[in-house]
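Undergrad: sequence-free structure coming up:
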C-alpha cells in the first residue's frame, strides 16, 4: 500500500462519517415526530368512526399516513445501521492501512 492509497482510505472514514451523521439526523427527525403522527392518526380515526381515544389508538397503525411514517422511520433506522457499519469498516481499513505503512517503514 502506498501513502497515497492510505490517504484515500483515511479520507473514506470522513466520507463514511458524514453519511452516518446524515442518516442519524434523518432517523432522529422521523423518530421525533412519531408520537405526533400517531396522535394525528388517532384524531382522524376518532372523527371518521366516532370512536373514543382508547379505541382509536388501537387502530392507529392501520391509518395510512401513520403507517407510511412508521415505514419511513424503519427504513431510516436501517439506513443508519448500514451507515454505521460502513463507517466502522472504513475505520478498520484506515487502521489497517496505517499498520501496513508502519510495518513497511513509511512515515
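TA: That came in fine, so what should we check first? From a predicted model like this one, the values you see are computed outputs, not experimental measurements. Residues are numbered from 1 along each chain as shown.
Undergrad: any idea where the helices of the chain begin and end?
TA: The residue ranges that make up the helices of the chain, judged by DSSP state H, are 3-32, 34-49, 53-59, 64-103.
Undergrad: could you redo those helices as a markdown table and give each row mean pLDDT and mean neighbour count?
TA: C-beta: built from backbone N, CA, C; applies to glycine. Rendered in a markdown table, the data for the helices of the chain read as follows (pLDDT from 0 to 100; neighbours: other CB atoms under 10 Å):
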| stretch | mean pLDDT | mean neighbour count |
| --- | --- | --- |
| helix 3-32 | 95 | 15 |
| helix 34-49 | 94 | 15 |
| helix 53-59 | 92 | 14 |
| helix 64-103 | 96 | 15 |
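Undergrad: how near is the residue most central in space within the chain to residue 103?
TA: Taking CA atoms, centre = their mean, the centroid of the chain lies closest to residue 80, which sits 2.4 Å from it. Shown here: residue 80 relative to residue 103, a distance of 35 Å by CB to CB, to the nearest Å.
Undergrad: That'll do, ta.
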